[in-house]
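Engineer: Test case, fold it:
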Amino acid sequence: MKKQTYNLTFALIAILFLVGCASTVNNVVVNAISSPLSDIKVHDIMMPMGNDPHMAMTKKLPEKSGDQRRADSLVRVIEKNIIRFKDIEVAKEEGYEFFPPEPPADMNIVHLVHRKYSDKEIKKGFDSNKPGSILYERDGNGWKLIGAMITAPVDASREELDARAPLSIAQWHLHQKVCVPKPIWDEEEWKKTFPDGSPVYGPTSSIASRSECEKFDGTFLPVVFGWMTHAYVYLDNSEDVWNQMYGHDHGGGHGNGGHSHH
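Structural biologist: Residues are numbered from 1 along each chain as shown. Next up is the predicted model:
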C-alpha cells in the first residue's frame, strides 16, 4: 500500500532538485503515484471500462440487504457536508486545488483535491466533511459543484471497497496501463503526438503496454493512484449519482470535453 503523502513527496522532490539528481526525482514521483498490478487484490471483480484500455471497473455485485439504504445515507451526508463548497472560492480557501492545476478550456468536469484530506482518506476512510476530492462541472464562465470522490488504496480488499461504498450500487474504477514521458515532468515530451494528432503519452494515448511504451522511451505505470468512485450528489437526475461514465458520456476523456480523473 502506498503510504507516501503528497506533502512528503513534494518535499522530497524539492530536496532532490537541490542536489540535482533528476533520475532519482523521476523515480520518486513515479513511485508516489503508481503501483504494480500485483498490489490489486480484487482482480476477480474487475472488468474493462468500455473501450478504454486505461480504465478498469468493479463489476456490480448482487445487492445485499441494507446496501441501498447505506448508499442513500452516504449521498445525503455528502450533500449536507459539501454544500459549503457551492462557491468554489470557499473550497480554494480551505486548501483544495485544481487537478490538473490549469484545467483546459474544453475539460468540463474537474476535481479539486485537498492533499492532506486525500492522504488521510486513503489511510483511514472517507470523511464526508473533509473529502479528499470534490467535483465541479463547468457552468458558463464558472464552476458548479456536483459531488465528491471516494477513494481507497490500490490494494484494498473487496470488503474494504464495499465498506466505503457498496459494490452493488457504486462501481469503483482504477486508472491503469499509462505511458508517461521520462522524466515525467518534461512538458515538451507530453506534447508529442502521433501522425493522426493523438497523444503519445497519457491516459488518452493508444499505448497501453509496457513494450509499446518502452519503444518511445517512456515510463510505464501499471496502476495510477488507487481505487475511486464518484458520487454526483448534485446532479438533477438521481440515476446518475453513482454513474462512473458520467463525464465520459459528455465528450469523454481528458482534455477533450470529458472529465479529469484523479
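
Engineer: Any figure for the gap between the closest residue to residue 182 other than its chain neighbours and residue 95?
Structural biologist: Using Cβ to Cβ, 6 or more residues apart in numbering and skipping the chain neighbours, the partner closest in space to residue 182 is residue 219 (4.8 Å). Heads up, the C-betas are built off the backbone N, CA and C, glycines and all. With distances taken as Cβ to Cβ, to the nearest Å, residue 219 is found 30 Å from residue 95.

Engineer: quick one: which of those two has more around it?
Structural biologist: Relative neighbour count places residue 219 above the other of residue 219 and residue 95, with 20 against 13, counting by other Cβ atoms under 10 Å.

Engineer: Beta-bridge partners for the more buried one, please?
Structural biologist: residue 180 (DSSP bridges).

Engineer: Let me see the contact set for it.
Structural biologist: 26, 30, 179, 180, 181, 182, 184, 213 (Cβ atoms under 8 Å, 6 or more residues apart in numbering).

Engineer: Looks to me like the last one is in a strand.
Structural biologist: No. Following the definition DSSP: H, G, I helix; E, B strand; the rest coil, residue 213 is helix and is not counted among the residues of a strand.

Engineer: can you map out the strands along the stretch 151-262 of the chain?
Structural biologist: Using DSSP state E, counting those that start in this stretch, the strands of the stretch 151-262 of the chain run over residues 173-180, 219-231.

Engineer: how much does the longest one deviate in direction from strand 173-180?
Structural biologist: In other words, strand 219-231. Using axes from the mean of the first three to the mean of the last three Cα atoms, to 10 degrees, the direction of strand 219-231 lies 150 degrees away from that of strand 173-180.

Engineer: what is the mean pLDDT for strand 219-231?
Structural biologist: On average, the pLDDT along strand 219-231 is 94.

Engineer: What is the subsequent helix or strand relative to the lowest-mean-pLDDT helix or strand in the chain?
Structural biologist: The helix or strand of the chain with the lowest confidence, counting by mean pLDDT, DSSP states H and E, is helix 6-19 at a mean of 44. Next in sequence after helix 6-19, counting helices and strands by DSSP states H and E, comes helix 22-33.
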